[in-house]
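Asks: Here you go, sequence then predicted model.
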Amino acid sequence: MNNHIIKQFDEELNKLRARLIKMGLMIQEQIENSMKALIHNNQKLALTIISNDDKVDEIDLKIEKQCLKIFALHQPVAMDLRFVISAISINEKMEMISDIASNISKNILSINLALPYQNNTNFSIIAEKLVGLIRKSVDSFTFQDTKLAYEVFNEYLELKKIIKENYNIVIELMKRNPAFIESFTRLIIINRNIHFAANFAVGICEEVVFMVEAKIVKHRLFDFSKPDN
C-alpha cells in the first residue's frame, strides 16, 4: 500500500514538473514572438500571440488543480513541499508573462505602420535581452540550476537601465513627432510591459533558489516590484 502511494506521489510530481516545463516553453515562445512582432511591426504575428494566450490559460488551470490535488492527497514535506509551493508561484508568474506578451501584442495593433521607431529606440536591444532573460529563467527551473537564476538577477539590472533609457528616448521622439503621439504612447506602455515581464522572470528565479537551496532571496538585494517609469 505504501509503495503504491509513493509511486503515485512520484508520478504526480513528475507530471507537474512536465507541465511546468511545457508551460515554460510556451511562454518563452510567446515572448519571443511578441518581440519579433514589435521589432518588425508584424500585426499578423501579434494576432497569433493574442490567440495563443488561451492555450497558456488552459495549462495554467491544470497546473493549479494538480498542485491542490498533491497537497490534499499526499501532504508533501521538505524539498517536495518546497517544489509544490514554488510550482504554484512559478505557474502564476509564467501565466502573467503570457498575459504581458498578449498585452504587448494588443498595443502593437494600435501602432501606426508608418511609425519609424525601430532604428531610433533601444527596443531591438531590449527585445534581445528580454528573450534571453525569459529563456534563462525557464532553463533555471527546468534544470533546477540556481547558477542560471543568479545570472538572471544580474542581467535584470542591466536590462532595467536600458528600459529606463528607452523610456526617455520615446518621450523625446514623442515631443518631436506629435502627429504620432498615440503610437508613441503605445510604445511607452510596451516598454513598461517589458519591464513587468523581466520582473516576473526574476520572480521565477527567486522561486528556483527557494526550491533548490531553501533560501529566501526575495527583496534581499533589490526591490523588483516597482518599475522606475
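Replies: Ah, there it is.
Asks: CA atoms for contacts and neighbours, from now on please.
Replies: OK.
Asks: Give the next helix or strand downstream of the helix or strand of the chain with the lowest mean pLDDT.
Replies: For the chain, the helix or strand with the lowest mean confidence is helix 2-40, at a mean of 90 (criterion: mean pLDDT, DSSP states H and E). Sequence-wise, the next helix or strand downstream of helix 2-40 (DSSP states H and E) is helix 43-74.
Asks: For the helix or strand that contains residue 134, list the C-alpha coordinates in CSV.
Replies: Here residue 134 sits within helix 123-142, counting by DSSP H and E. Taking Å, rounded to 0.1, in the frame of the first residue of the first chain, the C-alpha atoms of helix 123-142 are listed here in CSV:
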residue,chain,number,x,y,z
PHE,A,123,13.7,48.2,-28.5
SER,A,124,15.9,45.9,-30.6
ILE,A,125,18.4,45.6,-27.8
ILE,A,126,15.7,45.3,-25.1
ALA,A,127,13.9,42.6,-27.1
GLU,A,128,17.1,40.5,-27.4
LYS,A,129,17.9,40.8,-23.7
LEU,A,130,14.3,40.1,-22.6
VAL,A,131,14.1,37.0,-24.7
GLY,A,132,17.4,35.8,-23.2
LEU,A,133,16.2,36.6,-19.7
ILE,A,134,13.0,34.7,-20.1
ARG,A,135,14.8,31.7,-21.7
LYS,A,136,17.4,31.6,-18.9
SER,A,137,14.7,31.8,-16.2
VAL,A,138,12.8,28.9,-17.8
ASP,A,139,16.0,26.9,-18.0
SER,A,140,16.8,27.6,-14.4
PHE,A,141,13.6,25.9,-13.4
THR,A,142,13.8,23.1,-16.0
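Asks: Show me which residues of the helix or strand following it are buried.
Replies: The helix or strand immediately downstream of helix 123-142 is helix 146-176, counting by DSSP H and E. For helix 146-176, burial by neighbour count (16 or more other C-alpha atoms under 10 Å) applies to 146, 148-153, 155-156, 159-160, 162-164, 166-167, 170-171, 173-174.
Asks: same thing with stretch 210-221?
Replies: 210-212, 218.
Asks: So which residue is dead centre in this protein?
Replies: The centroid of the chain falls nearest to residue 97 when counting by C-alpha atoms, centre = their mean (3.6 Å).
Asks: Contact partners for it?
Replies: 27, 31, 197, 200 (C-alpha atoms under 8 Å, 6 or more residues apart in numbering).
Asks: can you pick the most crowded of these?
Replies: Counting neighbours by other C-alpha atoms under 10 Å, residue 31 comes out on top of these with 27 neighbours.
Asks: Where does the nearest residue to that residue once chain neighbours are set aside sit, in terms of helix or strand?
Replies: Excluding its sequence neighbours, the residue lying closest to residue 31 (C-alpha to C-alpha, 6 or more residues apart in numbering) is residue 101, at 5.5 Å. Following DSSP H and E, the helix or strand that holds residue 101 is helix 78-108.
Asks: Let's test this: mean pLDDT of that helix, rounded?
Replies: Averaged across helix 78-108, pLDDT comes to 96.
Asks: thinking again about what came up before, just give me the closest of the contacts of residue 97 to residue 86.
Replies: residue 200 (13.4 Å; C-alpha to C-alpha).
Asks: Give me the nearest residue to residue 26, chain neighbours excluded.
Replies: Closest to residue 26 by C-alpha to C-alpha, 6+ apart is residue 56, at 7.0 Å.
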